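**Q** Provided below are the primary sequence and the corresponding predicted coordinates.
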Amino acid sequence: MQDHGEPRRGLRVLITNHILLTRTGTEVYVRDLAASLLRRGHLPIVYSPHLGEMAAEIRAGTVPVVDDLARIGTAPDIIHGHHGLETLVALLAFPGVPAVTICHNWVSWPEAPVIFPRVARYLAVDHTCRDRLVFEHGLAESRVDVRLNAVDLVQFQPRGPLPARPARALVFGNSAEGGYLAAIEQACAARGIAVDVAGSRSATVLERPQDVLGRYDVVFAKGKAALEAAAVGTAVVLADVIGIGEMVTTGNFATLRPLNFGRRALRRQPSADVVASELARYDAADAAAVSRRVRETAGHETLVDELIDLYVEVLAERVGVVDDTAAELRAASRYIAGLAGPLRQRDLLHGMVGRLLRVPLVPRLLRWRAGRERREQTLEELLGTFDRP
C-alpha cells in the first residue's frame with residue numbers, strides 16, 4: 001500500500017560557534033560539519049554572534065546562518081555546541097532541545113563548558129581537552145568522550161612521491177611569526193630548503209590549503225593543519241609559537257594522534273638546533289606510510305557518521321523526559337557568574353591596551369609579545385578584538 005504520510009525528514013541541527021570570521025580551527029570544523037550534514041539530507045543551521053567571511057562561505061553552500069536566534073522560526077532537534085556562552089544562549093532560546101558540546105582548546109575561556117542539564121554529551125577533540133573537562137570543570141569521565149579531529153579526504157588528495165631530500169617547506173599556522181619562525185627559517189636555510197609562510201599573521205592566507213599543501217615536502221604545523229598536511233603526504237614537523245614537537249612518523253603516530261598533534265606534543269623551546277634535529281628524521285617512505293594511516297583512520301565522513309549516531313542516541317534518550325526548569329536556571333546562573341572574572345580581566349586589559357596602542361611603536365611590540373605567549377591567550381585574543389570590524 002502506498003504511503004501518503006509526510007516524507008521522513010533529516011535532523012535539524014543547530015551548530016553554535018563564538019565567531020565565523022576567518023579560518024580558525026572551530027570555524028573550519030563548523031563549515032565542514034554543516035556541509036556534510038546537508039549532503040546527507042539533514043538541515044544544519046549555524047549560529048554565531050560574530051559573522052564575517054566564513055559565515056558567508058557557509059551560507060554560500062545553502063546552509064542557514066544567523067547571528068540572532070530569534071530569526072530561527074522552528075526549533076532544532078538538537079544543538080551541537082561549540083563555546084560555552086553561545087551554547088547556553090541556544091539552550092535558553094530553545095527549551096526542551098538537548099545538546100552535545102565539544103571542547104577544542106586547552107586554555108581559551110570561551111571553550112570552558114556550560115554545565116547544563118540538557119547537555120547530554122560532552123566531547124573533546126583530544127585527550128588534553130578531555131582532561132580540561134574532567135579535572136578543571138568537574139565532569140565525570142563517564143560523561144566525556146573523545147572525538148578526534150578528522151580531515152576531508154575528498155578535498156585533501158594525496159600528492160606524488162616525496163623527493164629523497166626535501167627542497168620546499170611551508171610554515172602553516174595562524175601564529176606563524178616570531179622566534180619559532182626564525183628558528184625554522186634558519187634550520188631550513190642551512191639545508192638548502194626554501195621556506196614559505198601561510199596563516200593569518202603572514203602575508204598569505206590559504207583560502208584552499210588542499211590545493212597548496214602538496215607542493216611542499218615538509219610542513220611545519222600543529223593540530224588539524226598538521227593532520228591535513230599528513231593526509232596529503234608531506235612530511236610533518238609539529239610546530240607552533242608555543243613550542244616545537246617531533247616529526248610525525250609511523251613510530252610516534254599512535255602517541256601524537258590522541259593529542260591532536262597539539263599543545264602537549266609541542267614540548268621544546270624553538271631553536272634552529274631543535275628544528276634541525278627533526279629535519280634530520282625526514283624519510284620519504286615513512287611520510288607516505290603516515291599519510292596512508294591518516295587516510296585509513298581519520299576521514300571526516302567517519303567522524304560525521306559518529307556524530308549523527310550520537311545525535312540519534314541522545315534524541316532517543318530524551319523520550320519521556322521532563323526537564324527541571326529550576327535546575328536549568330540555576331545552571332545558567334552559575335555559568336554566567338563564572339564569566340565575571342574573564343570579562344573583568346578583558347575589560348581592564350582592553351582599556352590599558354587601547355591607550356598603549358596610541359603610543360608610537362607600541363602596537364608592533366605588543367603584537368610581537370602576543371605571538372610569543374605560552375601559557376595564556378588573553379593578550380593575543382585581546383589584540384584580535386582591535387582588528388575586528
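**A** That came in fine, so what should we check first? Residues are numbered from 1 along each chain as shown.

**Q** Identify each buried residue in stretch 63-83, please.
**A** 63-66, 69, 72, 76-83 (16 or more other C-beta atoms under 10 Å). Using the backbone N, CA and C atoms, a C-beta is placed for each residue, glycine as well.

**Q** what ranges do the helices span in the stretch 151-300 of the chain?
**A** 178-190, 223-232, 253-256, 272-279, 284-297, 300-317 (DSSP state H, counting those that start in this stretch).

**Q** related to what we said a few turns ago, most widely separated two among the buried residues of stretch 63-83?
**A** Greatest spatial distance among these (C-beta to C-beta): Asp77 and His83, at 20.4 Å.

**Q** could I get the buried residues of stretch 63-83 as a markdown table with pLDDT?
**A** Output for the buried residues of stretch 63-83, formatted as a markdown table (pLDDT from 0 to 100):
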| residue | pLDDT |
| --- | --- |
| Val63 | 97 |
| Pro64 | 98 |
| Val65 | 98 |
| Val66 | 97 |
| Leu69 | 96 |
| Ile72 | 97 |
| Pro76 | 98 |
| Asp77 | 97 |
| Ile78 | 98 |
| Ile79 | 98 |
| His80 | 98 |
| Gly81 | 97 |
| His82 | 95 |
| His83 | 93 |
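
**Q** So which of those residues belong to strands?
**A** Under the assignment DSSP state E, the buried residues of stretch 63-83 contribute 65-66, 78-82 to strands.

**Q** now, among these, which is nearest to Asp126?
**A** Among these, His82 lies closest to Asp126 (C-beta to C-beta), at 14.9 Å.

**Q** what's the residue nearest to the closest one when sequence neighbours are not counted in contact with, if anything?
**A** Closest residue in space to His82, ignoring its immediate chain neighbours: Asn17 at 4.7 Å, by C-beta to C-beta, 6 or more residues apart in numbering. The contact partners of Asn17, taken as C-beta atoms under 8 Å, 6 or more residues apart in numbering, are 26-27, 30, 46-48, 82-83, 86.

**Q** Now render the residues you listed as JSON lines, adding distance to Ala55.
**A** Below are the contacts of Asn17 laid out as JSON lines (distance: C-beta to C-beta, whole Å):
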{"residue": "Thr26", "distance to Ala55": "13"}
{"residue": "Glu27", "distance to Ala55": "9"}
{"residue": "Val30", "distance to Ala55": "9"}
{"residue": "Val46", "distance to Ala55": "7"}
{"residue": "Tyr47", "distance to Ala55": "10"}
{"residue": "Ser48", "distance to Ala55": "7"}
{"residue": "His82", "distance to Ala55": "14"}
{"residue": "His83", "distance to Ala55": "15"}
{"residue": "Glu86", "distance to Ala55": "13"}
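
**Q** From those residues, pick the one nearest Leu213.
**A** Using C-beta to C-beta, Glu27 comes nearest to Leu213 of the contacts of Asn17, at 18.6 Å.
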